[in-house]
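J.: Provide a 3D model corresponding to the input given below.
(2 chains)
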Amino acid sequence: MMALLNQVGLLVLTLVVFWASFWLYRRYNSRPTIHSLLHPLVTAPALIGCLLLLVDIDYSLYRHANSPFFFLLGTATVALAIPLHQQFHHIRSLAKPLLITLLFGASFAVISAVSIAWLLGASVETLISLSPKSVTTPIALGITEKIGGLPGLTAGVVVFTGVVGAICGPWIFRWLNITDDRIAGFVMGISAHGLGTARAFEISPRCGAFSSLGLGLTGTLTVFLLPWIVIACSN
Amino acid sequence: MLFGPGGIGPMANDSQVLNLLRGLIILLLYQGIGEAITRYSGMPIPGPVIGMILLFLTLNLSGSKILLKFKYRGFKHTGLEHTAHLLIRGLPLMFIPACVGIFFLPNTQADQRPAIVGVIVLSTLVTLTATALVMKWLLRSEAKHP
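T.: All right, here's what the predicted structure looks like:
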(Lines give C-alpha, C1' and ligand atoms only; values in the text may rest on other atoms or scores of the structure.)
Protein backbone atom coordinates (compact mmCIF):
# COMPACT_ATOMS: atom_id res chain seq x y z
CA MET A 1 0.00 0.00 0.00
CA MET A 2 2.81 2.35 1.00
CA ALA A 3 4.73 1.47 -2.18
CA LEU A 4 1.69 2.19 -4.34
CA LEU A 5 1.20 5.52 -2.61
CA ASN A 6 4.84 6.39 -3.27
CA GLN A 7 4.49 5.48 -6.93
CA VAL A 8 1.41 7.61 -7.48
CA GLY A 9 2.84 10.36 -5.30
CA LEU A 10 6.06 10.66 -7.31
CA LEU A 11 4.09 10.71 -10.58
CA VAL A 12 1.80 13.42 -9.23
CA LEU A 13 4.87 15.32 -7.99
CA THR A 14 6.11 15.64 -11.59
CA LEU A 15 2.70 16.84 -12.78
CA VAL A 16 2.18 19.34 -9.95
CA VAL A 17 5.67 20.82 -10.24
CA PHE A 18 5.32 21.02 -14.02
CA TRP A 19 1.97 22.76 -13.67
CA ALA A 20 3.43 25.28 -11.21
CA SER A 21 6.53 25.95 -13.32
CA PHE A 22 4.43 26.32 -16.46
CA TRP A 23 2.22 28.82 -14.68
CA LEU A 24 5.31 30.79 -13.62
CA TYR A 25 6.67 30.64 -17.19
CA ARG A 26 3.43 32.00 -18.63
CA ARG A 27 3.32 34.77 -16.04
CA TYR A 28 6.65 36.33 -17.03
CA ASN A 29 6.26 36.07 -20.81
CA SER A 30 6.69 39.81 -21.29
CA ARG A 31 10.39 39.78 -20.26
CA PRO A 32 12.39 37.63 -22.70
CA THR A 33 15.52 37.05 -20.59
CA ILE A 34 13.73 36.04 -17.41
CA HIS A 35 11.20 34.15 -19.51
CA SER A 36 13.87 31.81 -20.95
CA LEU A 37 15.41 31.18 -17.54
CA LEU A 38 12.01 30.30 -16.10
CA HIS A 39 11.37 27.66 -18.76
CA PRO A 40 9.76 24.56 -17.18
CA LEU A 41 12.76 22.53 -18.40
CA VAL A 42 14.94 24.53 -15.97
CA THR A 43 12.68 25.18 -13.01
CA ALA A 44 10.80 21.87 -12.78
CA PRO A 45 13.82 19.49 -12.73
CA ALA A 46 15.67 21.81 -10.32
CA LEU A 47 12.72 21.87 -7.94
CA ILE A 48 12.07 18.12 -8.12
CA GLY A 49 15.79 17.36 -7.78
CA CYS A 50 16.08 19.49 -4.64
CA LEU A 51 12.91 17.96 -3.17
CA LEU A 52 14.13 14.40 -3.76
CA LEU A 53 17.53 15.21 -2.23
CA LEU A 54 15.88 16.88 0.77
CA VAL A 55 13.48 14.01 1.46
CA ASP A 56 16.23 11.51 0.55
CA ILE A 57 14.34 9.59 -2.13
CA ASP A 58 16.43 7.53 -4.52
CA TYR A 59 16.37 8.60 -8.19
CA SER A 60 15.76 5.02 -9.35
CA LEU A 61 12.51 5.01 -7.33
CA TYR A 62 11.42 8.32 -8.87
CA ARG A 63 12.41 7.14 -12.33
CA HIS A 64 10.45 3.91 -11.93
CA ALA A 65 7.33 5.79 -10.74
CA ASN A 66 7.61 8.13 -13.74
CA SER A 67 8.14 5.43 -16.37
CA PRO A 68 4.86 6.41 -18.15
CA PHE A 69 6.59 9.65 -19.19
CA PHE A 70 9.57 7.76 -20.59
CA PHE A 71 7.19 5.63 -22.64
CA LEU A 72 5.19 8.63 -23.89
CA LEU A 73 8.45 10.30 -24.89
CA GLY A 74 8.87 7.46 -27.38
CA THR A 75 5.33 7.92 -28.70
CA ALA A 76 5.90 11.68 -29.04
CA THR A 77 9.11 10.97 -30.97
CA VAL A 78 7.12 8.91 -33.48
CA ALA A 79 4.62 11.80 -33.65
CA LEU A 80 7.39 14.12 -34.91
CA ALA A 81 6.91 12.41 -38.30
CA ILE A 82 3.68 14.38 -38.86
CA PRO A 83 5.10 17.96 -38.72
CA LEU A 84 8.10 16.65 -40.64
CA HIS A 85 5.76 15.39 -43.36
CA GLN A 86 3.69 18.58 -43.41
CA GLN A 87 6.77 20.82 -43.75
CA PHE A 88 8.64 18.53 -46.11
CA HIS A 89 8.27 20.85 -49.12
CA HIS A 90 10.29 23.52 -47.22
CA ILE A 91 12.94 20.97 -46.35
CA ARG A 92 13.30 19.44 -49.81
CA SER A 93 13.96 22.80 -51.45
CA LEU A 94 16.85 23.41 -49.03
CA ALA A 95 18.48 19.97 -49.19
CA LYS A 96 21.99 21.19 -50.01
CA PRO A 97 22.42 23.99 -47.40
CA LEU A 98 20.80 21.72 -44.79
CA LEU A 99 23.26 18.93 -45.49
CA ILE A 100 26.27 21.26 -45.28
CA THR A 101 24.96 22.81 -42.03
CA LEU A 102 24.40 19.32 -40.62
CA LEU A 103 27.93 18.13 -41.40
CA PHE A 104 29.41 21.32 -39.99
CA GLY A 105 27.23 21.51 -36.86
CA ALA A 106 27.40 17.84 -35.89
CA SER A 107 31.20 17.70 -36.17
CA PHE A 108 31.69 21.14 -34.61
CA ALA A 109 29.70 20.05 -31.52
CA VAL A 110 31.98 17.05 -30.99
CA ILE A 111 35.23 18.88 -31.80
CA SER A 112 34.50 21.94 -29.63
CA ALA A 113 33.51 19.87 -26.58
CA VAL A 114 36.43 17.45 -26.83
CA SER A 115 39.07 20.12 -27.53
CA ILE A 116 37.95 22.47 -24.73
CA ALA A 117 37.86 19.54 -22.28
CA TRP A 118 41.29 18.38 -23.49
CA LEU A 119 42.73 21.86 -22.94
CA LEU A 120 41.37 21.76 -19.39
CA GLY A 121 43.12 18.44 -18.85
CA ALA A 122 40.17 16.02 -18.76
CA SER A 123 40.87 12.28 -18.71
CA VAL A 124 40.45 10.18 -21.88
CA GLU A 125 37.37 8.49 -20.41
CA THR A 126 35.77 11.89 -19.83
CA LEU A 127 36.65 13.05 -23.35
CA ILE A 128 34.98 9.97 -24.84
CA SER A 129 31.92 10.38 -22.61
CA LEU A 130 31.58 14.03 -23.71
CA SER A 131 31.84 13.38 -27.44
CA PRO A 132 28.21 12.32 -28.18
CA LYS A 133 26.83 15.27 -26.16
CA SER A 134 24.57 16.78 -28.82
CA VAL A 135 22.92 13.49 -29.79
CA THR A 136 19.54 12.40 -28.41
CA THR A 137 20.01 10.42 -25.14
CA PRO A 138 19.23 6.83 -26.26
CA ILE A 139 21.55 7.10 -29.28
CA ALA A 140 24.26 8.77 -27.19
CA LEU A 141 24.14 5.93 -24.64
CA GLY A 142 24.53 3.35 -27.41
CA ILE A 143 27.51 5.25 -28.83
CA THR A 144 29.27 5.78 -25.49
CA GLU A 145 29.04 2.09 -24.59
CA LYS A 146 30.52 1.18 -27.95
CA ILE A 147 33.49 3.56 -27.74
CA GLY A 148 34.33 3.03 -24.06
CA GLY A 149 32.78 6.05 -22.31
CA LEU A 150 30.89 6.17 -19.01
CA PRO A 151 27.11 5.84 -19.69
CA GLY A 152 26.14 7.59 -16.43
CA LEU A 153 28.26 10.62 -17.26
CA THR A 154 27.12 10.72 -20.90
CA ALA A 155 23.44 10.67 -19.87
CA GLY A 156 23.98 13.70 -17.62
CA VAL A 157 26.11 15.52 -20.19
CA VAL A 158 23.53 15.02 -22.97
CA VAL A 159 20.57 16.23 -20.91
CA PHE A 160 22.53 19.23 -19.64
CA THR A 161 23.56 20.14 -23.20
CA GLY A 162 19.89 19.99 -24.21
CA VAL A 163 18.82 22.30 -21.39
CA VAL A 164 21.61 24.82 -22.14
CA GLY A 165 20.84 24.73 -25.87
CA ALA A 166 17.07 25.04 -25.45
CA ILE A 167 17.42 27.98 -23.06
CA CYS A 168 20.30 29.87 -24.74
CA GLY A 169 19.38 29.12 -28.37
CA PRO A 170 16.66 31.81 -28.62
CA TRP A 171 19.02 34.36 -26.92
CA ILE A 172 21.79 33.65 -29.40
CA PHE A 173 19.45 33.92 -32.38
CA ARG A 174 18.21 37.27 -31.12
CA TRP A 175 21.81 38.43 -30.57
CA LEU A 176 22.79 37.35 -34.12
CA ASN A 177 19.67 38.99 -35.58
CA ILE A 178 18.38 35.68 -36.91
CA THR A 179 14.62 35.76 -37.37
CA ASP A 180 14.39 32.86 -39.83
CA ASP A 181 12.65 30.06 -37.92
CA ARG A 182 14.12 27.48 -40.31
CA ILE A 183 17.63 28.37 -39.12
CA ALA A 184 16.58 28.53 -35.46
CA GLY A 185 14.88 25.13 -35.65
CA PHE A 186 17.55 23.24 -37.56
CA VAL A 187 20.40 24.62 -35.41
CA MET A 188 18.58 23.78 -32.15
CA GLY A 189 17.87 20.25 -33.42
CA ILE A 190 21.55 19.74 -34.29
CA SER A 191 23.03 21.14 -31.09
CA ALA A 192 20.34 20.53 -28.46
CA HIS A 193 18.50 17.36 -29.70
CA GLY A 194 15.05 16.61 -28.19
CA LEU A 195 15.03 19.42 -25.64
CA GLY A 196 15.90 21.93 -28.36
CA THR A 197 13.11 20.45 -30.48
CA ALA A 198 10.57 20.77 -27.66
CA ARG A 199 11.54 24.45 -27.40
CA ALA A 200 11.46 24.91 -31.19
CA PHE A 201 7.82 23.80 -31.35
CA GLU A 202 7.01 26.72 -29.01
CA ILE A 203 8.36 29.10 -31.69
CA SER A 204 6.44 27.72 -34.69
CA PRO A 205 5.46 24.42 -36.33
CA ARG A 206 8.00 25.06 -39.11
CA CYS A 207 10.73 25.70 -36.54
CA GLY A 208 9.78 22.44 -34.82
CA ALA A 209 9.81 20.45 -38.06
CA PHE A 210 13.30 21.71 -38.97
CA SER A 211 14.43 20.91 -35.44
CA SER A 212 13.06 17.34 -35.65
CA LEU A 213 14.99 16.93 -38.88
CA GLY A 214 18.22 18.21 -37.30
CA LEU A 215 17.71 15.91 -34.30
CA GLY A 216 17.20 12.78 -36.40
CA LEU A 217 20.00 13.51 -38.88
CA THR A 218 22.60 14.40 -36.21
CA GLY A 219 21.84 11.20 -34.31
CA THR A 220 22.15 9.02 -37.39
CA LEU A 221 25.31 10.72 -38.67
CA THR A 222 27.05 10.52 -35.27
CA VAL A 223 26.15 6.83 -34.81
CA PHE A 224 27.93 5.96 -38.02
CA LEU A 225 30.89 8.36 -37.84
CA LEU A 226 31.95 8.74 -34.20
CA PRO A 227 33.02 5.11 -33.48
CA TRP A 228 35.34 5.19 -36.53
CA ILE A 229 36.87 8.51 -35.51
CA VAL A 230 37.53 7.25 -31.98
CA ILE A 231 39.16 4.08 -33.33
CA ALA A 232 41.30 6.17 -35.70
CA CYS A 233 42.35 8.54 -32.88
CA SER A 234 43.22 5.79 -30.39
CA ASN A 235 45.54 4.03 -32.86
CA MET B 1 -6.57 25.68 -31.13
CA LEU B 2 -7.24 22.77 -28.80
CA PHE B 3 -10.56 24.11 -27.63
CA GLY B 4 -11.64 25.60 -30.94
CA PRO B 5 -13.82 23.96 -33.60
CA GLY B 6 -12.56 20.48 -34.29
CA GLY B 7 -10.53 20.55 -31.09
CA ILE B 8 -11.06 18.44 -28.04
CA GLY B 9 -12.80 20.48 -25.38
CA PRO B 10 -14.36 19.67 -22.05
CA MET B 11 -17.43 18.45 -23.90
CA ALA B 12 -15.63 16.08 -26.28
CA ASN B 13 -18.09 13.80 -27.98
CA ASP B 14 -17.66 10.17 -28.93
CA SER B 15 -16.38 10.75 -32.44
CA GLN B 16 -13.75 13.20 -31.21
CA VAL B 17 -12.54 10.61 -28.74
CA LEU B 18 -12.51 7.98 -31.49
CA ASN B 19 -10.57 10.38 -33.71
CA LEU B 20 -7.88 10.82 -31.04
CA LEU B 21 -7.77 7.11 -30.31
CA ARG B 22 -7.20 6.23 -33.94
CA GLY B 23 -4.25 8.61 -34.06
CA LEU B 24 -2.85 7.05 -30.89
CA ILE B 25 -3.25 3.53 -32.29
CA ILE B 26 -1.29 4.45 -35.45
CA LEU B 27 1.50 6.08 -33.41
CA LEU B 28 1.77 3.15 -30.98
CA LEU B 29 1.80 0.70 -33.89
CA TYR B 30 4.80 2.46 -35.42
CA GLN B 31 6.50 2.76 -32.03
CA GLY B 32 6.08 -1.01 -31.57
CA ILE B 33 7.42 -1.79 -35.05
CA GLY B 34 10.42 0.49 -34.38
CA GLU B 35 11.15 -1.16 -31.01
CA ALA B 36 10.93 -4.61 -32.60
CA ILE B 37 13.35 -3.65 -35.39
CA THR B 38 15.86 -2.21 -32.89
CA ARG B 39 15.65 -5.29 -30.68
CA TYR B 40 16.10 -7.90 -33.40
CA SER B 41 18.64 -6.07 -35.57
CA GLY B 42 20.88 -4.86 -32.74
CA MET B 43 21.12 -1.39 -34.31
CA PRO B 44 22.18 1.38 -31.91
CA ILE B 45 19.31 3.62 -33.13
CA PRO B 46 16.38 3.80 -30.65
CA GLY B 47 13.07 2.20 -31.63
CA PRO B 48 10.97 5.41 -31.58
CA VAL B 49 13.40 7.10 -34.02
CA ILE B 50 13.01 4.14 -36.41
CA GLY B 51 9.23 4.36 -35.90
CA MET B 52 9.35 8.06 -36.75
CA ILE B 53 11.33 7.41 -39.94
CA LEU B 54 8.95 4.61 -40.99
CA LEU B 55 5.84 6.73 -40.32
CA PHE B 56 7.41 9.63 -42.22
CA LEU B 57 8.15 7.33 -45.19
CA THR B 58 4.61 5.92 -45.08
CA LEU B 59 3.11 9.41 -45.08
CA ASN B 60 5.35 10.56 -47.91
CA LEU B 61 4.92 7.50 -50.14
CA SER B 62 1.17 7.45 -50.85
CA GLY B 63 0.28 6.53 -47.27
CA SER B 64 -0.78 10.07 -46.43
CA LYS B 65 -3.99 9.30 -48.34
CA ILE B 66 -4.76 6.44 -45.98
CA LEU B 67 -3.41 7.80 -42.70
CA LEU B 68 -3.96 11.56 -42.94
CA LYS B 69 -6.90 12.10 -45.28
CA PHE B 70 -9.19 9.70 -43.43
CA LYS B 71 -11.21 11.66 -40.88
CA TYR B 72 -14.68 12.05 -39.49
CA ARG B 73 -17.02 14.51 -41.19
CA GLY B 74 -16.85 18.07 -39.91
CA PHE B 75 -13.43 17.87 -38.30
CA LYS B 76 -10.65 20.24 -39.22
CA HIS B 77 -7.86 17.88 -38.22
CA THR B 78 -7.41 14.16 -38.64
CA GLY B 79 -6.94 11.88 -35.66
CA LEU B 80 -3.26 11.45 -36.39
CA GLU B 81 -2.58 15.19 -36.68
CA HIS B 82 -4.54 15.87 -33.54
CA THR B 83 -2.91 13.23 -31.35
CA ALA B 84 0.54 14.18 -32.66
CA HIS B 85 -0.12 17.83 -31.83
CA LEU B 86 -1.16 16.99 -28.27
CA LEU B 87 1.88 14.76 -27.68
CA ILE B 88 4.34 17.26 -29.11
CA ARG B 89 2.91 20.05 -26.95
CA GLY B 90 3.54 17.73 -24.02
CA LEU B 91 7.21 17.11 -24.89
CA PRO B 92 8.66 19.40 -22.16
CA LEU B 93 6.64 17.53 -19.51
CA MET B 94 7.93 14.17 -20.74
CA PHE B 95 11.54 15.33 -20.59
CA ILE B 96 11.33 16.35 -16.92
CA PRO B 97 11.91 12.95 -15.25
CA ALA B 98 15.02 12.48 -17.45
CA CYS B 99 16.28 15.98 -16.59
CA VAL B 100 15.95 15.30 -12.86
CA GLY B 101 18.64 12.64 -13.40
CA ILE B 102 21.27 15.42 -13.69
CA PHE B 103 21.12 15.72 -9.89
CA PHE B 104 21.84 12.04 -9.34
CA LEU B 105 24.88 11.25 -11.47
CA PRO B 106 27.16 8.38 -10.38
CA ASN B 107 30.19 9.54 -8.47
CA THR B 108 32.76 8.74 -11.16
CA GLN B 109 34.92 11.67 -12.31
CA ALA B 110 33.48 13.77 -9.47
CA ASP B 111 36.64 15.93 -9.32
CA GLN B 112 36.18 16.93 -12.98
CA ARG B 113 32.53 17.89 -12.63
CA PRO B 114 32.88 21.73 -12.48
CA ALA B 115 35.14 21.60 -15.55
CA ILE B 116 32.61 19.41 -17.39
CA VAL B 117 29.80 21.88 -16.67
CA GLY B 118 31.95 24.70 -18.05
CA VAL B 119 32.91 22.71 -21.14
CA ILE B 120 29.29 21.91 -21.96
CA VAL B 121 28.01 25.46 -21.53
CA LEU B 122 30.87 26.91 -23.56
CA SER B 123 30.86 24.32 -26.33
CA THR B 124 27.05 24.41 -26.69
CA LEU B 125 27.03 28.20 -26.97
CA VAL B 126 29.88 28.15 -29.52
CA THR B 127 28.20 25.37 -31.52
CA LEU B 128 24.85 27.18 -31.62
CA THR B 129 26.50 30.43 -32.75
CA ALA B 130 28.81 28.90 -35.37
CA THR B 131 26.16 26.61 -36.86
CA ALA B 132 23.58 29.40 -37.01
CA LEU B 133 26.06 31.69 -38.77
CA VAL B 134 27.00 28.98 -41.29
CA MET B 135 23.36 28.27 -42.13
CA LYS B 136 22.53 31.98 -42.35
CA TRP B 137 25.42 32.47 -44.77
CA LEU B 138 24.41 29.41 -46.84
CA LEU B 139 20.81 30.58 -47.13
CA ARG B 140 21.89 34.08 -48.12
CA SER B 141 24.10 32.81 -50.95
CA GLU B 142 21.26 30.48 -52.04
CA ALA B 143 18.98 33.46 -52.42
CA LYS B 144 21.54 35.36 -54.53
CA HIS B 145 22.30 32.44 -56.85
CA PRO B 146 19.13 30.39 -57.15
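J.: remind me which residues of chain A are low pLDDT?
T.: A:1-2, A:235 (pLDDT under 70).
J.: before we move on, what about chain B?
T.: B:1-13, B:62-77, B:108-109, B:141-146.
J.: Quickly find the element holding the residue minimising distance to the centre of chain B.
T.: The centroid of chain B falls nearest to residue B:88 when counting by C-alpha atoms, centre = their mean (6.1 Å). According to DSSP states H and E, residue B:88 maps onto helix B:79-89.
J.: what comes into contact with stretch A:78-98?
T.: Where contact means C-beta atoms under 8 Å, 6 or more residues apart in numbering or on different chains, the residues beyond stretch A:78-98 that reach it are A:182, A:186, A:197, A:201, A:205-206, A:208-210, A:212-213, A:215-216, B:27, B:30-31, B:34, B:48, B:51-53, B:55-56, B:59-60, B:64, B:68, B:80-81, B:83-85, B:87-88, B:135, B:138-139, B:142. For glycine as for every other residue, the C-beta is placed from the backbone atoms N, C-alpha and C.
J.: Select only the buried ones of those residues in ChimeraX?
T.: Only the buried members of the contacts of stretch A:78-98 enter the following ChimeraX selection, criterion being 16 or more other C-beta atoms under 10 Å in any protein chain shown:
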select /A:182,186,197,201,205,206,208,209,210,212,213,215,216 /B:27,30,31,34,48,51,52,53,55,56,59,64,68,80,81,83,84,85,87,88,135,138,139
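J.: any idea how far the helix holding residue B:88 is from the chain center?
T.: Here the centre of mass of C-alpha atoms in helix B:79-89, compared against the chain's by C-alpha atoms, centre = their mean, to the nearest Å, lies 10 Å away.
J.: Next: stretch A:131-142.
T.: Using C-alpha atoms, centre = their mean, the distance between the centre of stretch A:131-142 and that of its chain works out at 9 Å.
J.: For it, measure first residue to last.
T.: One end of stretch A:131-142 to the other measures 12 Å (C-alpha to C-alpha, to the nearest Å).
J.: ok, that stretch near chain B or not?
T.: Yes - with C-beta under 8 Å from any C-beta of the partner chain as the measure, stretch A:131-142 is seen reaching chain B through A:133-134, A:136-139, A:142.
J.: Run a quick neighbour tally on residue A:24.
T.: Around residue A:24 there are 14 other residues, counting by other C-beta atoms under 10 Å in any protein chain shown.
J.: contacting residues for the residue lying closest to it once chain neighbours are set aside?
T.: Leaving aside its sequence neighbours, residue A:24 sits nearest to residue A:38 (C-beta to C-beta, 6 or more residues apart in numbering or on different chains; 5.5 Å). Contact analysis of residue A:38 by C-beta under 8 Å, 6+ apart lists A:21, A:24-25, A:28.
J.: before we move on, back to that, a markdown table please, covering the residues of stretch A:131-142 next to chain B and showing neighbour count and secondary structure.
T.: Formatted as a markdown table, the residues of stretch A:131-142 next to chain B follow (neighbours: other C-beta atoms under 10 Å in any protein chain shown; DSSP: H, G, I helix; E, B strand; the rest coil):
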| residue | neighbour count | secondary structure |
| --- | --- | --- |
| A:133 | 33 | coil |
| A:134 | 35 | coil |
| A:136 | 26 | coil |
| A:137 | 23 | helix |
| A:138 | 22 | helix |
| A:139 | 23 | helix |
| A:142 | 22 | helix |
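J.: of those residues, closest to residue A:77?
T.: Of all those, residue A:136 has the smallest distance to residue A:77: 8.3 Å, by C-beta to C-beta.
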